[in-house]
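Enquirer: Fold the following for me, if possible:
(chains A, B, C and D)
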Protein chains: 4
Amino acid sequence: MATRRNPLDEPATALAERFAATRALTRELAAPLSDADATIQPFPDASPAKWHMAHTSWFFETFVLRDHVAGYRAFDDRFAYLFNSYYDGEGARHDRPKRGMISRPTLDEVRAYRAHVDAAVIDAFGSLGPAALELVEIGINHEQQHQELFLTDILATLAENPTNPVYAKADAAPCHAPEPLSFLPGRTGIVEIGANGGGFAFDSETPRHRTILHPHAIASRPVTNGEWRDFINDGGYEKPSLWLSEGWDWVNREAVHAPLYWRGEGLAFTLAGVVDLDPAAPVAHVSYYEADAFARWAGARLPTEAEWEDFAASADPNIGNQLDRAEAVMPKAPGDIFGDVWEWTQSAFAAYPGFVPAEGTVGEYNGKFMCGQFVLKGASCATPRGHSRATYRNFFPPHARWQFTGLRLARDS
Amino acid sequence: MATRRNPLDEPATALAERFAATRALTRELAAPLSDADATIQPFPDASPAKWHMAHTSWFFETFVLRDHVAGYRAFDDRFAYLFNSYYDGEGARHDRPKRGMISRPTLDEVRAYRAHVDAAVIDAFGSLGPAALELVEIGINHEQQHQELFLTDILATLAENPTNPVYAKADAAPCHAPEPLSFLPGRTGIVEIGANGGGFAFDSETPRHRTILHPHAIASRPVTNGEWRDFINDGGYEKPSLWLSEGWDWVNREAVHAPLYWRGEGLAFTLAGVVDLDPAAPVAHVSYYEADAFARWAGARLPTEAEWEDFAASADPNIGNQLDRAEAVMPKAPGDIFGDVWEWTQSAFAAYPGFVPAEGTVGEYNGKFMCGQFVLKGASCATPRGHSRATYRNFFPPHARWQFTGLRLARDS
Amino acid sequence: MATRRNPLDEPATALAERFAATRALTRELAAPLSDADATIQPFPDASPAKWHMAHTSWFFETFVLRDHVAGYRAFDDRFAYLFNSYYDGEGARHDRPKRGMISRPTLDEVRAYRAHVDAAVIDAFGSLGPAALELVEIGINHEQQHQELFLTDILATLAENPTNPVYAKADAAPCHAPEPLSFLPGRTGIVEIGANGGGFAFDSETPRHRTILHPHAIASRPVTNGEWRDFINDGGYEKPSLWLSEGWDWVNREAVHAPLYWRGEGLAFTLAGVVDLDPAAPVAHVSYYEADAFARWAGARLPTEAEWEDFAASADPNIGNQLDRAEAVMPKAPGDIFGDVWEWTQSAFAAYPGFVPAEGTVGEYNGKFMCGQFVLKGASCATPRGHSRATYRNFFPPHARWQFTGLRLARDS
Amino acid sequence: MATRRNPLDEPATALAERFAATRALTRELAAPLSDADATIQPFPDASPAKWHMAHTSWFFETFVLRDHVAGYRAFDDRFAYLFNSYYDGEGARHDRPKRGMISRPTLDEVRAYRAHVDAAVIDAFGSLGPAALELVEIGINHEQQHQELFLTDILATLAENPTNPVYAKADAAPCHAPEPLSFLPGRTGIVEIGANGGGFAFDSETPRHRTILHPHAIASRPVTNGEWRDFINDGGYEKPSLWLSEGWDWVNREAVHAPLYWRGEGLAFTLAGVVDLDPAAPVAHVSYYEADAFARWAGARLPTEAEWEDFAASADPNIGNQLDRAEAVMPKAPGDIFGDVWEWTQSAFAAYPGFVPAEGTVGEYNGKFMCGQFVLKGASCATPRGHSRATYRNFFPPHARWQFTGLRLARDS
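Expert: Just a heads-up that it's a prediction; the model follows:
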């Protein structure tokens, strides 16, 4: 699942601090929620907030505490069944579409579970060997992924409520004129992409390898809400020639005519409730189908993963509109490379040449999803700062749009 | 919806007391629940506890306070949309299958809503005219129906949780030998059935009318868990010749092989958690399909509604295992005519000769369900005591079995 | 399945003649069809014409020839699997929704199968005992039922073809002014309904028994196309208050806004292709939901089965617009009691008091459908003349409307 | 849709001959079929034989005759609606899942349609300009694709018939010992793939471009039936660790436990009816999910498209077990590079760098399917000889397996 981690890279105390900070952030994210808020599963592919909180704890409890800490006793033997996600190697588990049926354990019990696991991990830190420390590192990254899902799933949950509940208040966004769009020439010829072993990476980012870039240019910023409105006004959702065959079926079957959460009349539902859409902010909550259709309408195309990664290779992934604390995150003008929205690429999520999945149960993490998914690059406003890098490979099926998903155009040159 | 109510029948103070008692019982039923428990909708035909609590309040608020109390202001204007059930005359409403998405209002806010409505109704009582008082009477009966659904829906909710949560503790049931079964001859010839105007009744119970009973006998007690186990052991769920065509499809499609909530090895899930099945207690949670197949297997048949009603006409409907307080109700040996389980009849729910639906929006109550449903008679352990009478016509579609539904055999003679 | 038949009632030669005539009519009905026409299954509840032809032959082959004629050899051993309909007692069978996959045997092979069975039955006639003769009688009635389904299923098949194929040409219907509607008083008090044993009847028509008619009146003729157009123009399909709850769901889910086969602008698809609707002819192809909604709109109701049967008891069931030969049958003004359209009643299809299903496999015929179906009375333009009687109980689920189904109003008085 | 075709490459008479030969082969393929055989649609993604015959004719009629031959009159104006496949630019069309409802036009009428179009095209040949000739070329290739679908759809149709009909007789296959499997080293470094403009190619094969091959080896022959039996016997269908997540869901949902058409006990259904499986012949009718799981089980992987194409670049695509005449084609030992089975690659079907879809309605051909599909390379026993080339990109969704789809292993080295 992860490249070998050199234990000398980082002192265990620094890792312990990152562990504590990550666990604390999840705790904060849950602060505005009631037990009921945290129990609802808005649709089968999303999970209740409580489930995210427990599942990330189960990960540490199982792979670090159970496997590497002698004498550790599980907080509750029933949790393995309830909070395993999809690790077949870990035995039977609760049906995914039934996650919203679990009012008990309560949110407070889940908080106690988290505290119990935190204490045990911190307690054990001094005695953990390199393999266990690597699993802590994986667990931190795993929890960061779930922090993003936590927010997007809560957004989906609250969006189902006709009373438009507010997760957190937001300051009025300052008004920006949209930045003019330009296309920047990309590199051509042989380049290297993928993780080089210099820091943490998921198995799917490896091995670093050579690939060829063909002549192309890439947009200076993501597509904005204002541009998307032009697409709608030009009949973008009504012209089959703009759409992939499967996308056109989806548009008609689901009666899609705008990004998810757009509420008409320039409004959108957000973690801050219903707000005015900022025309200069990056458009979010569009599916691959929509992103692809928009690009065709715009006389452009989506970038490939390699084009995007090479484009972003020298950017600092820690800068930009990313998640720092529990607040009503949303994309903001002018739009960053890392931050605001994940950017769809035209590349299917597939194994890199020479890819070898991580061993053991955690190896189920990425390889088994290499079918029917597209790669998204960058980071969003809901991605915990520090989690991003140019080699990162996020992936979702082409109809998914409850994440903060947007796009950046590219074209041949 | 209801027979004309003579305001002289009962002083307004007595009605006010019944109103208060009914409202209090709902409050008590909710006491063991968390906000999360009360938010879950276990399947589209069931509703969250919180919804039942709010919807019954909306009924009083709309039909009594809004329509009959000058100057009443709604507690929250958004609730009409959220908590209308199916009254098309009252405008748009929240989609039924989405009732489990409503974490807000919280349980405490719904309690405050109830208190607000209670105070306003009590306050207005002295000045309510006969039409409004009749609506209070209807509202009480309506809330009693929802008290039963409250319990059966909570049972369904908790049953989805692999940790087998307990709604309330139950005393160990005393051990009974099952009562011997006998068949009692029923009356033959012209009899009268239906409500005679002597007390509250729903519109579908009227008018009282003559019908003919043909020679028959009716069982002295309901079918028991022990008898149902014999049916299973004799291959009852595997012989198509015992089943209605539609029932056989249902058994196979849903992989049914025992009553709902049976957990194997003599155990069943109940409001008290997993308990031993009492072989002498009436079987519950069987569908019409199952009841009909069992009767055929037993060489008998289900009674008609008229046979059942005539059989029970002289029994006291206030005696028996019915709902008095918030506890882990369940059917108990030896089984009462009124109480323990609703008893399936072979009669489709249809209009009585001369039936006229009640006027106005409340008239949507019964007539629009006269299709695809079968009549159940009696009362169950979850029916509030005082709600029952021989003329009562409960109804459910033939596959439904999350209510406390059982059966009593009959046969031609 | 059938009342005992007295072999003295009818000489075997007369029965043989009826057998031959019935078999010949099916042959004629198939004459206008190609093998491909006869192979298509337009939806899972309908069957290919070829299947009807083979299944009715399988019935005689199995229950008469195999069981009562020594030494009979099956025409093709594979046909029992292919052409059994729903007789569980007769073993495994081909999945109903897959009946349209059977291009082989060809139509000509099925014709050869029919000829083979016909010859064997005729050959054996002299030596058949009373039990076998009764099965021949049942088989004739069974085939007559399938003749009606043959035509309605072919109508459904051709209706799926955008080129509007013609089964048979029709003469232009003479123009009638619609007959004025009047309500005739029905009898009140105790009457008898059900088959009295004087001729063939299906088991579900027995036993004849007493029932009570309450004061009512019944319409002098069926509802017409013109009246249905008024219902549509008055917004009948858009007012939830007119509809059963289940019916309203159906209307919206299926986007129903007119009888099946209406094509707009006063046209309808028929066995003669697209023709002008005759406003004076009985409306056909309406579901129970629609019939019930129309009656409510008209300030009336549907008759009960007993009301209808008593009303029609003295009419001659052999008169009227019924099936005599292979032609483009359709309802015609002014509308007959027997003929034109089956008339929905408000009565669920249920067992008569004292009902005992016929013994053996043929006993699966009716009893297993006593759930979720409504009774239709009379006969339609596709019912073979001679098949009808006042006690006849046709039944379909409330959404079905590919039969020639219409309605006659009734009301309390 | 196609690379520019140089009219000097081939004299018009040679093209006319190829046109005539292609059209004749379709005619021959239909010879063993009845009208009913040719009318059935076995499932929504497959089409009736008659539809293939008419649709390929509609293609020539529309894009060549209508657009390029002055005064041409359509054979039947209704056919454009019935026989358009998915060209949105050509207007409304018959619903795909309803193609099996079209008994009329008859098979003979469709044959007449074909003859009419053939005569008109041949007649016009001398006067067709380069654009029209290119469309003839495209139409020939288009019809060749439908010839393969014709056979696989007929196989699917006959497979639904419990009587196991035979499309054509087959000679007993000679017995082969399976060829020993070896892995051949592939080229490493920069290679070119894609069509170079030297002959006909579909737009998706262009432009030819450079790509990088990483160290790998590729199997000397396809996976055989015998090897697949080992996979089954080793529990291949029961171990989730072997499967993609989506594949595991598919296996369980569809209860898959062998290749499609395997009938147990070493038998399989084929165009020659039920036959013994040849353990040395290439396995066919496996999905991408199955192919991927098998490769994982075998400690190998599927090749990338580029690896496969480079491997096959020097092979003669006209040699091998491909379609020459109407017969019971099936994969045979020892298995050819071109022929026997299409070979799944791990590459998603996506645009090549610089890809530009063909202009006009025919441009809807390939680009709109670049989502959710995997590339298959080579050719099968049902591919018309002459249609294949190394650059060819066949594609299907990962669950599809009614084509002759197999696999060849690869591995990193």
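
Enquirer: list the contacts for A:Arg96?
Expert: By Cβ atoms under 8 Å, 6 or more residues apart in numbering or on different chains, the residues touching A:Arg96 are A:44, A:86. No exception for glycine: its C-beta is placed from N, CA and C like everyone else's.

Enquirer: What of A:Phe19?
Expert: A:121-122, A:125, A:136, A:139-140.

Enquirer: how about the helix or strand hosting it: buried residues?
Expert: A:Phe19 is part of helix A:12-30, with elements assigned from DSSP states H and E. Burial within helix A:12-30, assessed by neighbour count using 16 or more other Cβ atoms under 10 Å in any protein chain shown, is assigned to A:12, A:15-16, A:18-19, A:22-23, A:25-26, A:29-30.

Enquirer: what's downstream of the strand or helix carrying A:Ile138, the next helix or strand?
Expert: Here A:Ile138 is covered by helix A:130-159, with elements defined by DSSP H and E. Next helix or strand after helix A:130-159 toward the C-terminus (DSSP H and E): strand A:183-185.

Enquirer: What residue in the stretch 51-200 of chain A comes nearest to chain C?
Expert: Distances between the stretch 51-200 of chain A and chain C by Cβ to the nearest Cβ are smallest at A:Pro162, namely 20.0 Å.

Enquirer: tell me the contacts of that residue?
Expert: Neighbour list for A:Pro162: B:78, B:81-82, B:94 [criterion: Cβ under 8 Å, 6+ apart].

Enquirer: Can you lay out those as CSV showing secondary structure?
Expert: Formatted as CSV, those follow (DSSP: H, G, I helix; E, B strand; the rest coil):
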residue, secondary structure
B:Arg78, coil
B:Tyr81, helix
B:Leu82, helix
B:His94, coil
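
Enquirer: Nearest to chain D among these?
Expert: Nearest to chain D among these, counting by Cβ to the nearest Cβ, is B:His94 at 31.7 Å.

Enquirer: Pull the number of nearby residues for A:Gly367.
Expert: 18 (other Cβ atoms under 10 Å in any protein chain shown).

Enquirer: same question, the one 10 residues further on
Expert: The local packing count at A:Lys377 equals 25, with neighbours defined by other Cβ under 10 Å.

Enquirer: again with A:Val275
Expert: A:Val275: 18 neighbours (other Cβ under 10 Å).

Enquirer: Would you mind giving the secondary structure of it?
Expert: Using three-state DSSP, the structure places A:Val275 in strand.

Enquirer: Any idea what it is bridged to?
Expert: For A:Val275, the beta-bridge partners are A:Ala268 (DSSP bridges).

Enquirer: Check A:Ala410 too.
Expert: Applying DSSP bridges, one finds that A:Ala410 bridges with A:Ile218, A:Arg301.

Enquirer: count of neighbours near it?
Expert: The burial count for A:Ala410: 24, using other Cβ under 10 Å.

Enquirer: thinking it is in contact with A:Gly299, fair?
Expert: No: using Cβ atoms under 8 Å as the test, A:Ala410 is too far from A:Gly299 to be in contact (11.5 Å).

Enquirer: Residue of the stretch 1-150 of chain A closest to chain D, please.
Expert: A:Asp88 (4.1 Å).

Enquirer: So what does the closest residue to that residue other than its chain neighbours look like in phi/psi?
Expert: Excluding its sequence neighbours, the residue lying closest to A:Asp88 (Cβ to Cβ, 6 or more residues apart in numbering or on different chains) is D:Pro240, at 4.1 Å. Here is the backbone geometry of D:Pro240 (degrees, to the nearest 10): phi -60, psi -30.

Enquirer: A:Ser57: which element?
Expert: helix A:49-59.

Enquirer: Please point out which parts of that helix sit buried.
Expert: Quick answer for helix A:49-59 (16+ other Cβ under 10 Å): A:49-59.

Enquirer: and the residue of the stretch 151-300 of chain A found nearest chain B, what does it touch?
Expert: Proximity of the stretch 151-300 of chain A to chain B (Cβ to the nearest Cβ) peaks at A:Glu160, 3.7 Å away. Under the criterion of Cβ under 8 Å, 6+ apart, the neighbours of A:Glu160 are A:40, A:42, B:98, B:101.

Enquirer: mind listing what the residue lying closest to the first one once chain neighbours are set aside touches?
Expert: Computed as Cβ to Cβ, 6+ apart, the closest residue to A:Ile40 that is not its neighbour in sequence is A:Thr157, at 4.8 Å. When contacts are counted by Cβ under 8 Å, 6+ apart, A:Thr157 touches A:37, A:40-42, A:46, A:48-49, B:101, B:103.

Enquirer: can you put the contacts of A:Glu160 in TSV and add distance to A:Pro178, pLDDT and secondary structure?
Expert: Listed next are the contacts of A:Glu160 as TSV, based on distance: Cβ to Cβ, whole Å; pLDDT from 0 to 100; DSSP: H, G, I helix; E, B strand; the rest coil:
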residue	distance to A:Pro178	pLDDT	secondary structure
A:Ile40	36	98	coil
A:Pro42	32	98	coil
B:Lys98	36	95	helix
B:Met101	35	97	helix
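
Enquirer: In PyMOL, how would I select the buried members of those residues?
Expert: Command for PyMOL that selects the buried part of these, burial taken from 16+ other Cβ under 10 Å:
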select buried, (chain A and resi 40+42) or (chain B and resi 101)
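
Enquirer: Next, give me the two most distant ones among the contacts of A:Glu160.
Expert: The span of the contacts of A:Glu160, defined through Cβ to Cβ, is set by A:Ile40 and B:Lys98 at 10.6 Å.

Enquirer: Okay, the closest residue to chain C within chain A and D:Tyr86: tell me how far apart.
Expert: Chain A approaches chain C most closely through A:Ala255 (13.7 Å), counting by Cβ to the nearest Cβ. To D:Tyr86, A:Ala255 is 21 Å away according to Cβ to Cβ, to the nearest Å.

Enquirer: More neighbours: which of the two?
Expert: More crowded of A:Ala255 and D:Tyr86, by other Cβ under 10 Å: D:Tyr86, with 14 against 7.

Enquirer: Could you show which parts of the stretch 201-350 of chain A are in contact with chain C?
Expert: Applying the criterion Cβ under 8 Å from any Cβ of the partner chain, no portion of the stretch 201-350 of chain A neighbours chain C.

Enquirer: Any part of stretch A:279-290 near chain D?
Expert: Yes: judged by Cβ under 8 Å from any Cβ, stretch A:279-290 comes into contact with chain D through A:288-289.

Enquirer: Okay, now that stretch: how far is its last residue from its first?
Expert: 18 Å (Cα to Cα, to the nearest Å).

Enquirer: and it, how far from the chain's centre?
Expert: 15 Å (Cα atoms, centre = their mean, to the nearest Å).

Enquirer: outside of the one helix or strand A:Ile212 maps to, which residues touch it?
Expert: Take DSSP H and E as the rule and A:Ile212 turns out to sit in strand A:209-213. For strand A:209-213, the external contacting residues (Cβ under 8 Å, 6+ apart) are A:186-194, A:306-307, A:310, A:352-354, D:190, D:210-212, D:214.

Enquirer: Would you list the strands that that strand pairs with, along with their directions?
Expert: strand A:189-193 (antiparallel).

Enquirer: What average pLDDT does the partner strand get?
Expert: Averaging pLDDT along strand A:189-193 yields 98.

Enquirer: Outside of that strand itself, list whatever touches it.
Expert: Against strand A:189-193 from outside (Cβ under 8 Å, 6+ apart): A:208-213, A:305-306, A:309-310, A:391, D:190, D:212.
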